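# structure of the sequence below:
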Amino acid sequence: MAKITYIEHNGTVHEIDVKPGMTVMEGARDNGVPGIDADCGGACACSTCHVYVASEWVDRLPPRDPMEEDMLDFAWQPDPVRSRLTCQIKVTPELDGLVVNLPERQI
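I've put the predicted structure just below:
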């Protein structure tokens, strides 16, 4: 398991053990983390699982692919460096300790 920390916009912290092979989005969805809507179910067809990755983790994640880049254009206040779609981040043991901050809202 990898411990992923989800921090809501209001500061509420959720530390969730997520099984490797799942996505960061699935970990949030399956554990009732508010603010990860995942309207498309993880198909990278919306931006409702948008988060801001903690700065120290940005370079430790695989790069965004072109489809994710396109969908981030529709996210609420995307950050050119820290924004990611959690449906596109596969959990591995190396992601143990990952911290993501949720935006004020999803659109």
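
# contacts and neighbour counts: CA atoms only from here.
Will do.

# give me the pLDDT for the residue nearest to the spatial centre of the chain.
Most central in the chain under Cα atoms, centre = their mean is residue 86, positioned 2.9 Å from the mean C-alpha point. Note for residue 86: predicted pLDDT of 98.

# and it, what does it touch?
By Cα atoms under 8 Å, 6 or more residues apart in numbering, residue 86 lies in contact with 23, 24, 25, 49, 50, 51.

# next, give phi and psi for the residue nearest to residue 100 when sequence neighbours are not counted.
Nearest residue to residue 100, sequence neighbours excluded (Cα to Cα, 6 or more residues apart in numbering): residue 53, at 4.5 Å. Phi and psi for residue 53, reported as degrees, to the nearest 10, are phi -80, psi 140.

# give me the number of residues near residue 53?
23 (other Cα atoms under 10 Å).

# now do the contacts for it.
82, 83, 84, 99, 100, 101.
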